[in-house]
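*Asks:* With the sequence up front, the predicted model follows.
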Amino acid sequence: MRTIPVPLQKAYYGLKKSRLISKGEIDDESISFFEHLINKALPEHEYDYNIYYFVKSLYYNDKSKFYNFINNTKYECLILYTDNVSIVRHFNLMHKLNVCWDKETKKYHCSKYEEEMEIPMPSRVNRLRSGNSTDHSPTHDRSSDAGNFNDYDEETFIREHSHFIEHTH
């Protein structure tokens, strides 16, 4: 019997090994890779959604108990099923990285933290103006954009997406 969705585990451990987390290197490539992996962790199938909503329920019922339950266990990857603030805190990225949920695309978007900006993420300003504030609950079938990332590492991602990274950041 499965317990934790494999894509969630792989994304979490990929994040822990990434340059952004392991070395603290914050650049366009490391941010793009972080964004890619947290989006790969999102539920894809009915089983994943069941786990996702169960984790959300536990998390919002008592955040303190939830953190105590997952910290330093094999369940740490469940943090990726909580919300953007908890993800940023878990990886010790406060005042380093912005992560927000785009309600239209049903994906996370990441950018470097800019202290002098009132709302640190310009794309977030546009979403707020258009009425699309943050929503932490993906509600669509992601099987079409799931992709295979079993052997995906940061270097492969950068090599395959360098043209995209250069034009978006």
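*Replies:* Sure, I can see it.
*Asks:* ok, the residue lying closest to Ile51 once chain neighbours are set aside to Ala11 distance?
*Replies:* Excluding its sequence neighbours, the residue lying closest to Ile51 (Cβ to Cβ, 6 or more residues apart in numbering) is Pro5, at 6.1 Å. Yep, even glycine has a C-beta here, placed from its N, CA and C like the rest. Here the criterion is Cβ to Cβ, to the nearest Å. By it, Pro5 lies 9 Å from Ala11.
*Asks:* cool, Arg89 as well?
*Replies:* Arg89 sits 17 Å away from Ala11 when distances are taken as Cβ to Cβ.
*Asks:* Asn39 too?
*Replies:* Distance of Asn39 to Ala11, given as Cβ to Cβ: 8 Å.
*Asks:* between Arg89 and Ala11, which one's more packed in?
*Replies:* Counting neighbours by other Cβ atoms under 10 Å for Arg89 and for Ala11 shows that Ala11 has the greater number, 22 against 14.
*Asks:* and the more buried one, what element?
*Replies:* In this structure, Ala11 sits in helix 6-17 according to DSSP states H and E.
*Asks:* what's that helix packed up against?
*Replies:* The contact analysis (3 or more Cβ pairs under 8 Å, 6 or more residues apart in numbering; DSSP states H and E) places helix 6-17 against helix 28-40, helix 46-61.
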